[in-house]
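[1] here you go, sequence then predicted model.
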Amino acid sequence: MAEIKPKECWPIVYRKEYNVTFFGLENLHPFDSKKWAHIYKILKNTLGLNQSNIYVPDEITEDELLTIHSDKYLKSLKWSYVAARISEIPVVVLFPNFLVQRQYLRPIRFQVGGTRLAGKIARKEGVAINLGGGFHHCSKDRGGGFCPYADISLVVNDALQENDCKLVMIIDLDAHQGNGYERDFIGNSKVFIIDVFNKNIYPKDTYAETAISKAVKLDYFIQDYEYLTSVERE
């Protein structure tokens, strides 16, 4: 894993390899698979970020992934039809897996490496931001919703393994319910989950909801004031 840099660095984690391209097929998905580059460009122009004053992560290794995923699950990603289901781009099933690995899964592994590095920085320095990651639909044994690796569960487990960590809070403000990590932490009293999501859309995972400590279920077309008030109230 990349080394922790001196304090003069911004506590921001990113590398250009985060961005997913798949011969234009990524445009078939409503998710902007190059959004991380857009965010970095804005921060570069406004804050003067560059590769020398931010943290640049390594690709997460298979051994590191095995600390959260089963070997069976990781091996399943070597089948293109599994990656097609998770990515929600059915035509991906037609491509040889080496292309799926290179164009889709490897960029995500860099992001997972970034999440783990950001957790390490945050525990040392107090704060860190990974411009990628946050694959909240993936649990230790099941991917979905464009999320093939459970980086949230991985970084939470990292924190819980430290002797002085008594509680980890996850605040999930994505429009969708974060059912992946929720399934991983059902019944774990050391993980406090606040999830703010549209109750009408994917994944509607009632089993995973049992892990949520504070669920803020919203409707379509909610306005900014109502949204912020709901979050602040909880």
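    Sure thing, it's come through. Numbers count the residues shown, from 1 in each chain.
[2] what residues sit buried inside stretch 150-168?
    150-159, 168 (16 or more other Cβ atoms under 10 Å). Yep, even glycine has a C-beta here, placed from its N, CA and C like the rest.
[3] okay if I get these as CSV plus secondary structure, pLDDT and distance to Tyr14?
    Shown next, in CSV, are the buried residues of stretch 150-168 (DSSP: H, G, I helix; E, B strand; the rest coil; pLDDT from 0 to 100; distance: Cβ to Cβ, whole Å):
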residue, secondary structure, pLDDT, distance to Tyr14
Ala150, coil, 98, 20
Asp151, helix, 98, 14
Ile152, helix, 98, 18
Ser153, helix, 98, 22
Leu154, helix, 98, 18
Val155, helix, 98, 16
Val156, helix, 98, 21
Asn157, helix, 97, 23
Asp158, helix, 97, 20
Ala159, helix, 97, 21
Val168, strand, 97, 23
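[4] tabulate the residues you listed (TSV), appending distance to Ser70.
    Output for these, formatted as TSV (distance: Cβ to Cβ, whole Å):
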residue	distance to Ser70
Ala150	11
Asp151	16
Ile152	17
Ser153	12
Leu154	13
Val155	18
Val156	18
Asn157	14
Asp158	18
Ala159	21
Val168	22
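[5] just the pLDDT at Pro6, thanks.
    pLDDT, Pro6: 53.
[6] correction: Met1
    Per-residue confidence (pLDDT) for Met1: 51.
[7] and Asp32, which of the three is it?
    At Asp32 the chain is in coil, as set by DSSP: H, G, I helix; E, B strand; the rest coil.
[8] these two touch, right, it and Thr21?
    No - with contact defined as Cβ atoms under 8 Å, Asp32 does not count as touching Thr21 (11.7 Å).
[9] packing partners for the least confident helix or strand in the chain by mean pLDDT?
    Within the chain, no helix or strand scores below helix 224-233, which has a mean of 92 by mean pLDDT, DSSP states H and E. Where contact means 3 or more Cβ pairs under 8 Å, 6 or more residues apart in numbering; DSSP states H and E, helix 224-233 is packed against strand 191-198, strand 214-218.
[10] where do the helices of this structure begin and end?
    35-47, 62-65, 71-76, 80-87, 97-100, 106-125, 151-160, 179-184, 206-209, 224-233 (DSSP state H).
[11] comparing those, which comes out most buried?
    Comparing the helices of the chain by mean neighbour count (mean count of other Cβ atoms under 10 Å), helix 179-184 ranks first with a mean of 26.
[12] send the alpha carbons of it over as PDB?
    Extracted C-alpha coordinates of helix 179-184, given in PDB (Å, rounded to 0.1, in the frame of the first residue of the first chain):
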ATOM      1  CA  ASN A 179     -27.400  -2.700   1.500                       C
ATOM      2  CA  GLY A 180     -24.000  -4.300   0.900                       C
ATOM      3  CA  TYR A 181     -22.100  -3.200   4.000                       C
ATOM      4  CA  GLU A 182     -25.400  -3.300   6.000                       C
ATOM      5  CA  ARG A 183     -25.600  -7.100   5.400                       C
ATOM      6  CA  ASP A 184     -22.100  -7.500   6.600                       C
END
